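Trainee: I would like to see how this sequence folds:
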Amino acid sequence: MKVAVFAYSRQGCQTARLVMEYFTGCEIRAFTMARYGEAGFSPLTFYGPLFQWADAMVFVGAIGIAVREIAPHVKSKLTDPAVISIDELGSFVIPILSGHIGGGNALALKLAEYLEATPVITTATDINKKFSVDAWAVQHGLLITSLSAAKSVSAEILEHSVPLTSDFPIVTDLPNGTVEGESGKIGICISCFRKKPFDVTLLLVPPILHVGIGCRRGTTADDIQCAVESVLAENQIHRKAIKQVASIDLKADEAGLRSFCEKQRLPIVFYTANQLRDVPGSFTPSDRVLRVTGVDNVCERAALAGAERLYVKKTVYNGVTVAIAAEPWEVRFD
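Mentor: Purely as a prediction, here's the structure:
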């Protein structure tokens, strides 16, 4: 975690040191703002790069200072860092930006406990003890496909219970403000597929899919991308559900395969023929693949290695074979 800490007085520096102790092990940039207000000092050019760099910014001083300095740089809930304001005595800890998606509320609660301070949380769902769907999604690594739908759900949940449906087993009680349901005006859907069961659907996508790929020597990145995109579209699978790509180690030097993964920012795992043969299950055999690789099927076996269930069996596009499998996953709200 990358953290920027700012203090504006001698007492503030003492509190800032305690804050830095809490973040031990993180990458910290700490600043005593002795130059604050000096001629030639530009807050815009000083705070801007730090705003882009940090996962969290902690201002030890008046909350107005924090508001003024971050205001020119605020862009999106999806990208803005968590911003926390703490008074110089360390009595109150107040998240003022990215409370949910950026983790500001959760961080403020932990900091307050460490400092023996009072957390001041102002987001409506939290103070009403209702389900904060965006915060929960981020904490569990799910993609929020629509910020506008997330806002609509958060507004609705304050007045009425919102229906929630999941392709995965829910192993805990539903959170306050939600009920089981598969239709209605507005609701939450947890799935790897492009589903829209509600008029306004907040689709939350867990990244749990392994894409197994087999290809001929010299296959281009564009051909592989076209094949993968075709399989995703044909099966209505969301791109962000992909966790990794997998293949046989004979393809480890395939420039097209590696280039595809780099462009898509996907990790790739290579397995030996022996490892693929040991993957249990029923697969689509190929005598040619067996002669070349020593295993009867590459894409299905590679996809299922480390996964649980085959979503898409071997599909061929222009000589590229693609299969997709899912890791075991369950929904927890505790």
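
Trainee: ok, which stretches of the stretch 151-300 of the chain are helices?
Mentor: For the stretch 151-300 of the chain, helices defined by DSSP state H, counting those that start in this stretch occupy the ranges 221-234, 255-264, 273-277, 287-293, 299-304.

Trainee: helices or strands up against the longest one?
Mentor: Contacts defined by 3 or more C-beta pairs under 8 Å, 6 or more residues apart in numbering; DSSP states H and E place helix 221-234 against strand 209-214, helix 255-264, strand 309-317, strand 320-326. For every residue, glycine as well, the C-beta is placed using N, CA and C.

Trainee: how deep is residue 216 tucked in, by neighbour count?
Mentor: 14 (other C-beta atoms under 10 Å).

Trainee: Touching, it and residue 319? I think so.
Mentor: Yes: the pair residue 216 and residue 319 passes the contact test of C-beta atoms under 8 Å, sitting 5.1 Å apart.

Trainee: what stretches of this structure score poorly on pLDDT?
Mentor: Applying pLDDT under 70 to the chain picks out residues 34-40.

Trainee: Would you state the strands of the stretch 1-150 of the chain in chain order?
Mentor: Here the stretch 1-150 of the chain has its strands, by DSSP state E, counting those that start in this stretch, at 2-7, 27-32, 56-60, 82-86, 92-97, 118-119, 143-144.

Trainee: With respect to residue 277, which of those strands lies nearest?
Mentor: strand 143-144 (34.1 Å; C-beta to C-beta).

Trainee: counting contacts, what elements does the closest one pack onto?
Mentor: With contacts taken as 3+ C-beta pairs under 8 Å, 6+ apart, strand 143-144 sits against helix 133-139, strand 200-205.

Trainee: so which of those is the most packed in?
Mentor: Of all these, strand 200-205 carries the top mean neighbour count, a mean of 22, counting by mean count of other C-beta atoms under 10 Å.

Trainee: Touching, residue 297 and residue 282? I think so.
Mentor: No: contact criterion C-beta under 8 Å: residue 297 and residue 282 do not qualify, at 10.0 Å.

Trainee: on that earlier part again, mind putting the helices and strands packed on strand 143-144 into CSV with distance to residue 107?
Mentor: As requested, these are exported to CSV (distance: least, C-beta to C-beta, whole Å):
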stretch, distance to residue 107
helix 133-139, 11
strand 200-205, 22
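
Trainee: centroid residue for this protein?
Mentor: Nearest residue to the geometric centre of the chain (C-alpha atoms, centre = their mean): residue 141, 4.1 Å.

Trainee: Contacts only, for that one.
Mentor: By C-beta atoms under 8 Å, 6 or more residues apart in numbering, residue 141 lies in contact with 206, 207.

Trainee: how long is stretch 308-327 from one end to the other?
Mentor: In stretch 308-327, first residue to last residue: 5 Å (C-alpha to C-alpha, to the nearest Å).

Trainee: Centre of the chain to it, how far?
Mentor: Relative to its parent chain, stretch 308-327 has a centroid offset of 24 Å by C-alpha atoms, centre = their mean, to the nearest Å.

Trainee: for stretch 285-294, same thing?
Mentor: 38 Å.

Trainee: buried residues in it?
Mentor: For stretch 285-294, burial by neighbour count (16 or more other C-beta atoms under 10 Å) applies to 286, 289, 293.

Trainee: before we move on, what about stretch 263-276?
Mentor: Taking 16+ other C-beta under 10 Å as the criterion, stretch 263-276 shows 264, 266, 268, 270, 271, 273, 276 as buried.

Trainee: Report the two of those residues separated the most.
Mentor: Maximum pairwise distance in these, criterion C-beta to C-beta, is 25.6 Å, between 264 and 273.
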